[in-house]
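Just the structure for this:
(2 chains)
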Amino acid sequence: MSVLEVPVLSVKQMNKQYGNGCSTCKQMKSGKVTKNYCHECGTVYACRDLTFDLYQGEVLGIVGESGSGKSTLMKSLYFDEEVTDGELYVAGFEDGNKNVFMESAQKKRYVRNHLMGKVYQNPILGLKMDFSSIGNIAEKLISAGNRHVGSMESRGAELLEAVNIPVHRMKEEPRNFSGGMQQRVQIAKALSNNPPILLLDEVTTGLDLSVQASVLDLIKGLQRDLNISIVLVSHDLGVIRMLADRTLVMLEGKVIEQGLTDQILEDPQHPYTQQLVHSLL
Amino acid sequence: MEINDLSKSFILHNQKKNIHAVSNITITVKKGEFIGITGKSGSGKSTILKSIYGTYRVQEGDIWYDSSHYGAINLAKATEREMVFLRKHEIGYVSQFLNVMPRTTARQLVTGAILEMGQTRELANIETEKILDHFEIGKELWDSYPATFSGGEKLRLNIARAMVKRPRLLLLDEPTASLDHDSKVKVKTLLEQLMNEGTTMLGIFHDLEFMNRLVTKEYSMQNGCFTQAIQKI
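Numbers count the residues shown, from 1 in each chain, chains lettered A, B, ... in the order given. Presented below is the predicted three-dimensional model:
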């Protein structure tokens, strides 16, 4: 590692609002805007002025209460949503010199299909429930430019085996699977194109403890063995403590605090972070 | 390493309190020295160590550390990435509690520490077995989870993990608390060995007898300030 380390993903001043905004909320007048919602025009400011970097091989945790803008951020990074304004630079795209948010839909698709993988909190969003599991993986591989059926099949089988889905069930549709298995199929799908960046949105929420453990071990192993960079959104501080090197704390669409994970947990500065850490069981 | 005028207080917003942990700490640590810090619990000993390690954010003062990678660097103002690098390569921290990943075996734990430094896996595997053996952790335990280890075994594993990195600076937070005599002797031997290899160490001790046989300089603390410094060697 050199002193001049280049981030693999860099977000600068990203904003995302739902609604057009009005003269009242543009000035953020107090009394008219509660949290990040404007009473005059109903605009929601989901992400406000987000700026952060992600480096190779690191896990960046994002915590915050529900409604703080975590998932909107993840959707924006994966181009599921158009951002209002802001910049995104990805190391593997045009040497990280072009703002991907401003590129064409085709270029965005390229970045998404070749350089990223995403696991959604809700498997319905990430998987086609009436395709076979291996077909789901093939879908991602095809969009990344693969055309050879045999190699896609062997890659799919290899991945499903890696996430502990029994080989004899890989032709089955994910809707027949348990929540934990669906989540693991999603992870296999997200990894199929060997992405340098993995976006994980509440991957362990709603899973029972033993399945949670196996999903977490899987993620840790991937990071250790493949040295990929991960953005990990979770409201479970235990998960963050275990996996993240650095952590951002979000509230009302803004990053209110960031630091090394042990800093956030042992020496929280912001009132909200202190409350969050003290709520830990 | 030089610490100038370090102060740290904790502002607890929901209780509307401001707690001063340490104030105006100034200390110079030369390479190869072993500094012992003593004092009652709550006097601010751990705060100093955690400020150096970056767990606590320093409000006032500087911590100048002579890094082999960055040169002179102020840890009080280092970036997150610089701190991550230094923790991986240069600064070790041993606490009385073993904070480990669940479901990670003793072997994986040590190997992981070596891999972090960019070594090859084969080398890491060989080195791991060497160090586990050296720290007298029974072979039958190598592939089991440290959560089930005894206190002494956990601590030795903890030091082993910190030691494989051959840190330039090792911070010890009561490394002998709750250990029996035999384990203490083992830990002492290991620390002496580190000293001979030129590691600079800074440690907190309650066991004065143990400390006195090791350290080169002793500081006593009271209410967040140093009250006394004794040169031992």
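
residue ranges for the helices of the chain, please.
The chain I'm using is chain A. Using DSSP state H, the helices of chain A run over residues A:23-26, A:70-77, A:105-115, A:123-126, A:133-143, A:149-162, A:179-191, A:209-226, A:237-243, A:261-266, A:271-278.

oops, I was thinking of chain B
Using DSSP H, helices in chain B cover B:45-53, B:80-89, B:106-116, B:121-134, B:151-163, B:181-196, B:208-212.

Can you get me a residue count around the residue in chain A that chain B sits nearest to?
Nearest residue of chain A to chain B: A:Pro271, at 3.6 Å (CB to the nearest CB). (C-beta placed from N, C-alpha, C; glycine too.) If you count neighbours by other CB atoms under 10 Å in any protein chain shown, A:Pro271 ends up with 14.

What is the end-to-end distance of stretch A:118-127?
11 Å (CA to CA, to the nearest Å).

Buried residues of that stretch, list them for me.
Judged by neighbour count (16 or more other CB atoms under 10 Å in any protein chain shown), stretch A:118-127 contains these buried residues: A:Lys118, A:Val119, A:Tyr120, A:Gln121, A:Asn122, A:Pro123, A:Gly126, A:Leu127.

Just give the nearest non-adjacent residue to B:Leu202, would you?
Leaving aside its sequence neighbours, B:Leu202 sits nearest to B:Ile35 (CB to CB, 6 or more residues apart in numbering or on different chains; 4.9 Å).

contacting residues for the one you found?
B:Ile27, B:Val29, B:Met201, B:Leu202, B:Gly203, B:Val215, B:Thr216, B:Lys217, B:Glu218, B:Tyr219 (CB atoms under 8 Å, 6 or more residues apart in numbering or on different chains).

In JSON lines, list those along with neighbour count and pLDDT.
Shown next, in JSON lines, are the contacts of B:Ile35 (neighbours: other CB atoms under 10 Å in any protein chain shown; pLDDT from 0 to 100):
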{"residue": "B:Ile27", "neighbour count": "18", "pLDDT": "84"}
{"residue": "B:Val29", "neighbour count": "20", "pLDDT": "86"}
{"residue": "B:Met201", "neighbour count": "24", "pLDDT": "90"}
{"residue": "B:Leu202", "neighbour count": "23", "pLDDT": "90"}
{"residue": "B:Gly203", "neighbour count": "24", "pLDDT": "89"}
{"residue": "B:Val215", "neighbour count": "24", "pLDDT": "86"}
{"residue": "B:Thr216", "neighbour count": "16", "pLDDT": "87"}
{"residue": "B:Lys217", "neighbour count": "18", "pLDDT": "86"}
{"residue": "B:Glu218", "neighbour count": "19", "pLDDT": "87"}
{"residue": "B:Tyr219", "neighbour count": "20", "pLDDT": "87"}
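
Name the nearest of these relative to chain A.
Closest to chain A, out of all of the contacts of B:Ile35 and judged by CB to the nearest CB, is B:Leu202, at 18.0 Å.

Is the closest one in contact with B:Ile52, as I believe?
Yes - taking contacts as CB atoms under 8 Å, B:Leu202 lies within contact range of B:Ile52: 7.2 Å.

Per-residue confidence, residue 84, what does it come out as?
Since no chain was named, I'll use chain A. pLDDT for A:Thr84: 90.

not quite, I wanted chain B
Note on B:Val84: pLDDT of 90.

Contact partners for the closest residue in space to it that isn't next to it in sequence?
Distances taken as CB to CB, 6+ apart put A:Asp245 closest to B:Val84, at 5.8 Å, once the chain neighbours are dropped. Taking CB under 8 Å, 6+ apart as the criterion, A:Asp245 is in contact with A:Glu58, A:Val59, A:Leu60, A:Leu260, A:Thr261, B:Val84.

Now for the fourth one: which residues touch it?
Read it as A:Leu260. When contacts are counted by CB under 8 Å, 6+ apart, A:Leu260 touches A:Asp245, A:Arg246, A:Thr247, B:Gly54, B:Thr55, B:Glu80, B:Met83, B:Val84.

What is the nearest of those residues to B:Gly44?
Taking CB to CB as the measure, B:Thr55 is the one of the contacts of A:Leu260 closest to B:Gly44, at 14.1 Å.

quick one: contacts for the closest one?
Contact analysis of B:Thr55 by CB under 8 Å, 6+ apart lists A:Leu260, A:Asp262, A:Gln263, A:Glu266, A:Asp267.

Could you rerun that using 6 Å?
Contact analysis of B:Thr55 by CB atoms under 6 Å, 6 or more residues apart in numbering or on different chains lists A:Asp262, A:Gln263, A:Glu266.

and if you look at A:Arg109?
By CB under 6 Å, 6+ apart, A:Arg109 lies in contact with nothing.

what about residue 97, neighbour count?
All of this is about chain A. If you count neighbours by other CB under 10 Å, A:Asn97 ends up with 7.

Chain B was what I was after
Residues near B:Phe97, counting by other CB under 10 Å, number 13.

cool, and A:His148?
Neighbours of A:His148 (other CB under 10 Å): 10.

ok, now A:Glu139?
Counted with other CB under 10 Å, A:Glu139 comes out at 16.

check contacts around residue 53.
Using chain A here. Counting by CB under 6 Å, 6+ apart, A:Asp53 touches A:Pro7, A:Ser10.

try chain B instead
Contacts of B:Tyr53 by CB under 6 Å, 6+ apart are B:Tyr93, B:Leu171.
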